[in-house]
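**Student:** please work out how this folds:
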Amino acid sequence: MDRRTFLGLGLGAVAWPALGRAAPVHPERVRLRELGIVIGELATGPHNAITDVEGVQVGHVTLIEDGGPDFGETSASSVEPLSRVVRTGVTAIVPRTPAFAADFTLNGNGELMGVGSMRRTGLLAGPVLFTNTSSVGAVYDGAVEWMLARDPDLFKSDLQPAPIVGETWAAFLHDEVGRHVRPEHAVAALDAARAGSVAEGCVGGGTGMRAYSFKAGIGTASRKVPCGDQVYTVGVLVQANFGRRPQLRVDGVPVGREITDLMPARGGKSKSMIAAVATDAPLIPIQLQRVCKRVALGMARTGAISTQGSGDLFLAFSTASPEPPDALVMLSDRWISGLFQGVIEATEEAILNSLTTAHTMTGRGGNTIHSLPLDRLVEIMRAYGRLK
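**Tutor:** The predicted structure is shown next:
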């Protein structure tokens, strides 16, 4: 099968890992700490990413295409379809499984497919993937295909194997109705999963997303948490697609009120966030659900209110879960508040990383979402005494 047949895309399409080359680099975009802005008190892991938790890998496939019919919209002056514009992809989080896990719904106008078995057993038995709304089914199909290729006896297990697929809405930049993500793209994202540093911003499932009326997408961060004589790691990865401009706060500074221009051309709304939390602390499902709830506090620290239309859905898992899970090791609740702090700080920073690393993007119908201007961000933080 040739490359173009595999991708199922027309001329102008880009699926970076599948093509065997790196995604374009935008050197002016950097992570929050590279600007001198530090969130919270706890130390980060070596990569300040969810992959700092041993046994966790992340991969992306990014799909960018211009040309061909747009299935989702016609122009105002003609019944002819607009030019198709694809701005989406798949982000895959691959943990060591089975793993104790839990989820939490802050506001339920969204989808986290595959959590049924996890909720009943308290065990995560497959990878976690993020994409755009209309691509959930294709990504789930591809993830099952990938799991079967690795283990043909997968469905003979007593534990029901199921990937989990989350989504946010990308239609401002992307042709959602066209359903351009294919199962092969999920397989490619899973095959691309690696430990180490994680690409952020306009990559994978975050390609078409925005937050606080700036371009956003994928962001990640981690924290090291002392618990008695042990130090555990918590890592968070978010797909950010929520918030109104005046709400944006960076380390408590009302940045969104200071930058009132550079609004998305032609308006539109963004509402949702999905997040995965990983830790190597030995937590059982009820503790992991409590951890999930703290994602909401980190989200709120950036200014979010979780609106009526939001799909704010969070999942947490522990790589310390025994395999097979026939023995129980549990961290005492006397230490869990430190993990809560780690999750809150990492979530806040992950969201902000998604903003500082994303670049300006134009999509379907000429819609444009501008990136957060980093020079102005630094000036504002300095004016508020957060930077020297």
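
**Student:** distance of residue 158 from residue 123?
**Tutor:** Here residue 158 is placed at a distance of 11 Å from residue 123 (Cβ to Cβ, to the nearest Å). C-beta: built from backbone N, CA, C; applies to glycine.

**Student:** those two: which is more packed in?
**Tutor:** The residue with more neighbours, out of residue 158 and residue 123, is residue 123; 20 against 6, by other Cβ atoms under 10 Å.

**Student:** confidence score at the more buried one?
**Tutor:** Looking at residue 123, its pLDDT stands at 94.

**Student:** isn't it up against residue 115?
**Tutor:** No: if you go by Cβ atoms under 8 Å, residue 123 and residue 115 don't touch, sitting 11.4 Å apart.

**Student:** and residue 85, what element?
**Tutor:** strand 81-94 (DSSP states H and E).

**Student:** buried residues, the next helix or strand after that strand. List them.
**Tutor:** Sequence-wise, the next helix or strand downstream of strand 81-94 (DSSP H and E) is strand 99-108. With burial defined by 16 or more other Cβ atoms under 10 Å, the residues of strand 99-108 counted as buried are 99-104, 106-107.

**Student:** now, which of these sits nearest residue 318?
**Tutor:** residue 100 (4.9 Å; Cβ to Cβ).

**Student:** so who does that closest one touch?
**Tutor:** 122-124, 283-285, 288, 317-318, 321, 325 (Cβ atoms under 8 Å, 6 or more residues apart in numbering).

**Student:** again with residue 251
**Tutor:** Residue 251 neighbours (Cβ under 8 Å, 6+ apart): 37-39, 381, 386.

**Student:** what about the closest residue to residue 191 other than its chain neighbours, neighbour count?
**Tutor:** Spatial nearest neighbour of residue 191, chain neighbours left out: residue 59 (6.9 Å); criterion: Cβ to Cβ, 6 or more residues apart in numbering. Neighbour count of residue 59, defined by other Cβ under 10 Å: 22.

**Student:** residues in contact with residue 59?
**Tutor:** If you count contacts by Cβ under 8 Å, 6+ apart, residue 59 has them with 17, 91-92, 94, 188-194, 204.

**Student:** wait, is it part of a strand?
**Tutor:** Yes: counting by DSSP: H, G, I helix; E, B strand; the rest coil, residue 59 is located in a strand.

**Student:** tell me the contacts of residue 366?
**Tutor:** Contacts of residue 366 by Cβ under 8 Å, 6+ apart are 265-266.

**Student:** tell me the mean pLDDT for the strand holding residue 85?
**Tutor:** According to the model, strand 81-94 has a mean pLDDT of 86.

**Student:** turn the contacts of residue 59 into JSON lines, columns for neighbour count and secondary structure.
**Tutor:** Formatted as JSON lines, the contacts of residue 59 follow (neighbours: other Cβ atoms under 10 Å; DSSP: H, G, I helix; E, B strand; the rest coil):
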{"residue": "17", "neighbour count": "23", "secondary structure": "helix"}
{"residue": "91", "neighbour count": "32", "secondary structure": "strand"}
{"residue": "92", "neighbour count": "31", "secondary structure": "strand"}
{"residue": "94", "neighbour count": "25", "secondary structure": "strand"}
{"residue": "188", "neighbour count": "25", "secondary structure": "helix"}
{"residue": "189", "neighbour count": "34", "secondary structure": "helix"}
{"residue": "190", "neighbour count": "27", "secondary structure": "helix"}
{"residue": "191", "neighbour count": "16", "secondary structure": "helix"}
{"residue": "192", "neighbour count": "21", "secondary structure": "coil"}
{"residue": "193", "neighbour count": "19", "secondary structure": "coil"}
{"residue": "194", "neighbour count": "12", "secondary structure": "strand"}
{"residue": "204", "neighbour count": "32", "secondary structure": "helix"}
